[in-house]
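model this:
(one chain, ligands or ions: 2)
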Amino acid sequence: MRFCSIGSGSKGNGTLIQQGETCILIDDGFTVKDFEFRLAQKGLTPLQLSAILVTHEHGDHIKGVGPLARKYRIPVYISHGTAQHEGLGKIPSLKIFDSHKAFSIGELTIMPVVVPHDAREPTQYVVSNGEHKVGVLTDLGSLTPHIIEQYQSCHALLVETNHDVQMLRNGPYPARLKKRVEGHLGHLNNEQAAQFLKSVDTSNLQFVVATHISGQNNRVDYAVNSIRRSLDCEADWVIVADQDTGFDWCEVA
Ligand SMILES: [Zn+2]
Ligand SMILES: [Zn+2]
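Ligands and ions are numbered 1, 2, ... in the order given. I've put the predicted structure just below:
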């Protein structure tokens, strides 16, 4: 099983997880043209995608989903709440899942995990090939016992390190937006990401990725150091998901 990102941050997100002939895309916040370019950079074409999974209806996650699904007739998996978002348009094959039940796509099993975020029914995902587990966790304002339970013993974790609290407070955002980002339905800060990593069993962990890093309210070295300290690992072991290029394929073995 391998995974990569085609971009991560408030300007657009997309994560790929592949096992054999099965390749799923989690979120697509890019125009079709931009997406096709980014996917080609990872050596794939849209025809190789088995499904698109949506986490929630914010533009940086959903913008490209409708156009991509229509152009290539790719099935879209989505929670009941997120499916109510009218901006999605007509989807040729819409699969609404129960956000508390695992489901399968080809060789992969997907467990949706409901998270606290200011959206209709936001779900993040733990993806398994039966042997290994990759956990994707972004766009959440706080941690819940349910999240901690679901992300135990993953072999790879892509965790949100959105902001540094002091930088956000002293930064350029208007007061209301600061409150939203910092709130319990907002985004995970560096310290919360560290706390998450300390709360789950990381004894299987082969990869950890810092994702959804704010360009204005964080610094990459702050995000990396927070993860490094919590895992007691070297800084160069922490992968950084970049807005422009994401990060390259990582193979869990
Ligand atoms: Zn987002
Ligand atoms: Zn969001």
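
Verify the stated contact: G135 with E149.
No - G135 lies out of contact with E149 (CB atoms under 8 Å); the separation is 11.7 Å. From N, CA and C alone the C-beta is placed, and that goes for glycine too.

When those two are compared, which one has more neighbours?
Neighbour count, other CB atoms under 10 Å: between G135 and E149, G135 has more, with 25 against 11.

how near is that one to P112?
12 Å (CB to CB, to the nearest Å).

Give me the common contacts of these two.
Q124, Y125 (CB atoms under 8 Å, 6 or more residues apart in numbering).

So which bits of the chain are right by ligand 1?
D60, D139 (CB under 5 Å from the ion).

need the residues of the chain near ligand 2, please.
H58, D139.

Identify each buried residue in the longest helix that the chain contains, please.
For the chain, the helix reaching the highest residue count under DSSP state H is reported as helix 220-231. Neighbour counts over helix 220-231 (16 or more other CB atoms under 10 Å) mark Y222, A223, V224, N225, S226, I227, R228, S230, L231 as buried.

Between these, which sits nearest Q195?
Nearest to Q195 among the buried residues of helix 220-231: S230, at 7.5 Å, using CB to CB.

Which stretches in this structure count as helices?
In the chain, helices defined by DSSP H lie at 32-41, 59-62, 65-72, 80-83, 145-150, 165-170, 175-182, 190-199, 220-231, listed in chain order.

which residues are in contact with the longest one?
It refers to helix 220-231. Outside helix 220-231, the residues touching it (CB under 8 Å, 6+ apart) are 159, 161, 164, 167, 190-191, 193-195, 197-198, 202, 205, 208, 210, 213, 233-235, 237-238, 240.

Now the stretch 151-253 of the chain against ligand 1: closest residue?
Using CB to the ion, the single residue of the stretch 151-253 of the chain nearest to ligand 1 is H212, 5.7 Å away.

and that residue, what pLDDT?
In this model, H212 is scored at 98, pLDDT.

my guess is it meets H163, correct?
No - applying CB under 8 Å as the test, H212 and H163 come out as separate, 9.5 Å apart.

Can you pull the poorly scored residue ranges out of the stretch 51-200 of the chain?
Counting by pLDDT under 70, not a single residue of the stretch 51-200 of the chain qualifies.

thinking again about what came up before, looking at the buried residues of helix 220-231, which is nearest ligand 2?
Distances from ligand 2 to these, taken by CB to the ion, are shortest for A223, at 17.6 Å.

Name the nearest residue to that closest one, sequence neighbours excluded.
In this structure, A223 finds its nearest non-sequential neighbour in T161, 3.7 Å apart by CB to CB, 6 or more residues apart in numbering.

Strands along the protein, start to end?
2-7, 14-19, 22-26, 51-53, 76-79, 94-97, 103-105, 108-114, 123-128, 133-137, 156-160, 207-211, 238-240, 247-251 (DSSP state E).

Deepest-packed of those, please.
strand 156-160 (a mean of 27; mean count of other CB atoms under 10 Å).

Neighbouring strands - and their directions - for it?
Next to strand 156-160 in the sheet, as set by DSSP bridges, lie strand 133-137 (parallel), strand 207-211 (parallel).

so can I have a markdown table of the ones you listed showing distance to A119?
Shown next, in a markdown table, are the strands paired with strand 156-160 (distance: least, CB to CB, whole Å):
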| stretch | distance to A119 |
| --- | --- |
| strand 133-137 | 15 |
| strand 207-211 | 17 |
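
circling back: ok, which of the strands of the chain comes nearest D34?
Once the strands of the chain are compared by CB to CB, strand 2-7 is nearest, at 8.6 Å.
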